[in-house]
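Novice: Using only what follows, build the 3D model:
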Amino acid sequence: GLLLAAEKPELLDHGADEDYVCSVTNSTAALARFMIQRPFEKILDVCTGCGALAFIAARQGDRVLAADLNPRAVQIAAFNAKLNDIRNVEFATGSTFEPAAGRRFNFITANPPCVIGPSSRYSFRDSGEELDEFCRKIIAEAPGYLEEGGIFQCTLEWPNINGADWRKRITELLQNIPCDALVLHRQLQRAL
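Specialist: This is a model prediction of the structure:
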């Protein structure tokens, strides 16, 4: 039920700029399908991109902060809010949780750039971090921005290292965060 502006995917085939803003990706659609549907007072959408998840969350929230490192993504998301007459979303530019400094939320959603690989070409896709380091940082920081009883939902990619159980890597990280966690393993993808 949303009309969203974004850049044409064909631009990626010809070397789009690093601030390219994509439309709804498979990971965005997956998170939207699993998004908890209940009222929330304060919502944060980290790595908002074109704003799709922020706008879906806005249907059930009083106030939404949609943040992205890419100023161009924030501009396009703000345009999309006007295009869809969505008025309860504010927009901010900054890395992960920087725009939310000093604030707490009942619900946080994130579809971060988490493609595992050495590239840092596109801000929507590449974190520039080693393996899953960017994802690990987001998971470790999120509880600090949640109200008591708050919920954080995100999509992530984790490396499946030969000879190691992928669950162990996640379990070790989750042992250090002060909240409950539910992990859904959606698919396994082989490296090319």
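Novice: Give me the distance between the residue lying farthest from the centre of the chain and residue 90.
Specialist: Taking Cα atoms, centre = their mean, the residue of the chain most remote from its mean C-alpha position is residue 163, at 29.3 Å. Computed as Cβ to Cβ, to the nearest Å, the residue 163 to residue 90 distance reads 46 Å. (Glycine included, C-beta is placed from N, CA and C.)
Novice: quick revisit: in which helix or strand does the residue farthest from the centre of the chain reside?
Specialist: Per DSSP states H and E, residue 163 falls between elements, in no helix or strand.
Novice: And for residue 85, the neighbour number?
Specialist: 6 (other Cβ atoms under 10 Å).
Novice: How about the secondary structure of it?
Specialist: What DSSP: H, G, I helix; E, B strand; the rest coil gives for residue 85 is coil.
Novice: Just the strands from the protein, written as ranges.
Specialist: 40-46, 61-68, 89-93, 105-110, 146-154 (DSSP state E).
Novice: What separation do you get for residue 88 and residue 95?
Specialist: 24 Å.
Novice: ok, these two, which is more surrounded?
Specialist: Legend: neighbour count by other Cβ under 10 Å for residue 88 and residue 95, higher for residue 88 (15 against 12).
Novice: List the contacts of that one.
Specialist: Listed by Cβ atoms under 8 Å, 6 or more residues apart in numbering, the contact partners of residue 88 are 58, 61, 62, 63, 64.
Novice: Buried ones only from these, please, as a ChimeraX command.
Specialist: Buried members of the contacts of residue 88, defined by 16 or more other Cβ atoms under 10 Å, are picked up in ChimeraX with:
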select :58,61,64
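Novice: Near residue 1, how many residues? Count them for me, please.
Specialist: 6.
Novice: Next: the one 5 residues further on.
Specialist: When neighbours are defined as other Cβ under 10 Å, residue 6 has 20 of them.
Novice: Thought residue 20 was touching it, still the case?
Specialist: No. Applying Cβ atoms under 8 Å as the test, residue 6 and residue 20 come out as separate, 9.1 Å apart.
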